[in-house]
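J.: This is a predicted model, with the sequence first.
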Amino acid sequence: MKNQKNKAIISIVLMTLVWGGTFPLIKIMLKYIPPMPLIFYRFLSAAVICLPFLIKEIRKASLKTILKLFFLGSLLWLAYITQTIGLRYTTPSNSAFITGLYVVFTPIFALFFTKEKMTKNMFFSLLLAISGIIFLSNFSLTKFSFNPGNLITIVTAISCALQIVFTSIFVKQESIVFITSVQIFTVLFLTTPFIISNKTGNLPLWVILSIIFLGTVASFIAILAETYSLKFIDPDRASILFTLEPLFAAVFSFIFIGERFTLKEIFGSILIFIAMITVIKNNKNAHQEL
């Protein structure tokens, strides 16, 4: 079991590395393709990969199982759609910070749905992680307002937290590949109506190849890794490890698109890294070992 949990930690690190690397890539791609078609084609390419797995598993799945996994996929879709819409009305720094609040919401939902209580060490790690996100996102309380974009993005954080918690519940009952496949097809299905009025035109070859990469690696494989990790790691602990994503996003944005890496962002990155190490170290000897 310990070996499996160590593999789960590695899966999260690799998953957040991939997702963090997609931030600068998507930022450049959005100059050539609107957000909704990008999400649609991304999950279309992912659906092609997981179609054989879906066909194999769905034959022996009950309607109740399909519906609960459709609900899980709806949470994932809601996170994507609200973050995209929210960015039209708020700043990237506010969006990054508010989305990162799923670190706070996840333990709350975990307590409610799985009866998992937060330890003192977890609370300390949570404070470190949320402080790191504040510095990393350059969030400013004085400039913050409850505009529509910020309110919509709160839904993103809540959706992410619920998706993490319910994945940790369902993965103990269903196949990892089946959970991943249904989520991908759900996002694809629910995104379809939003691309009817969006014309993409002729896309450069590198954009098409990037969409395939986003679908296969950053969607199918990454969601598969997330699902696998949540089979062995509690959702509140996993959510803190997931904060590596904005850290990697900042690093890749600095490397590939020349975004400044300020002292505040460096300090925030250090806090997130310490939070991650604290979670791993403190849970080696905890009642439920990582």
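T.: Nice, I can see it.
J.: show me where pLDDT drops low in the stretch 51-200 of the chain?
T.: Low-confidence segments of the stretch 51-200 of the chain (pLDDT under 70): 91-93, 138-146, 197.
J.: Recalculate using a threshold of 90.
T.: 59-61, 80-104, 107-108, 110-153, 173, 193-200 (pLDDT under 90).
J.: in it, which spans are helices?
T.: 63-86, 92-99, 102-114, 120-136, 148-170, 176-191 (DSSP state H, counting those that start in this stretch).
J.: looking at those helices, which is closest to residue 13?
T.: helix 120-136 (14.9 Å; CB to CB). The C-beta positions use only the backbone N, C-alpha and C, and glycine is treated the same way.
J.: element containing the residue lying closest to residue 80 once chain neighbours are set aside?
T.: In space, residue 80 comes closest to residue 39 once its chain neighbours are excluded; the distance is 5.7 Å by CB to CB, 6 or more residues apart in numbering. Assigned by DSSP states H and E, residue 39 belongs to helix 35-58.
J.: tell me the angle that helix makes with helix 63-86.
T.: Calculated by axes from the mean of the first three to the mean of the last three CA atoms, to 10 degrees, helix 35-58 forms an angle of 170 degrees with helix 63-86.
J.: which outside residues touch helix 35-58?
T.: Here helix 35-58 makes contact (CB atoms under 8 Å, 6 or more residues apart in numbering) with 26, 29-30, 33, 66, 80-81, 84, 175, 177-178, 180-182, 184-185, 187-188, 191-192, 194-195, 198, 200, 211-212, 214-216, 218-220.
J.: Restrict these to the buried ones and give me that as a ChimeraX selection.
T.: To isolate the buried ones among the contacts of helix 35-58 in ChimeraX, judged by 16 or more other CB atoms under 10 Å, type:
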select :26,29,33,80,81,84,175,177,178,180,181,182,184,185,187,188,191,194,195,211,212,214,215,216,218,219,220
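J.: Quick check on residue 242: phi, psi?
T.: Residue 242 adopts backbone torsions of phi -70, psi -20, taken as degrees, to the nearest 10.
J.: so what's it up against?
T.: With the criterion set at CB under 8 Å, 6+ apart, residue 242 makes contact with 12, 16, 102-103, 164.
J.: Of those, which is the most crowded?
T.: Within the contacts of residue 242, residue 103 tops the neighbour count with 26 neighbours, counted by other CB atoms under 10 Å.
J.: buried stuff in the helix holding residue 39?
T.: Buried-residue list, helix 35-58, by 16+ other CB under 10 Å: 35-47, 49-50, 53-54, 57.
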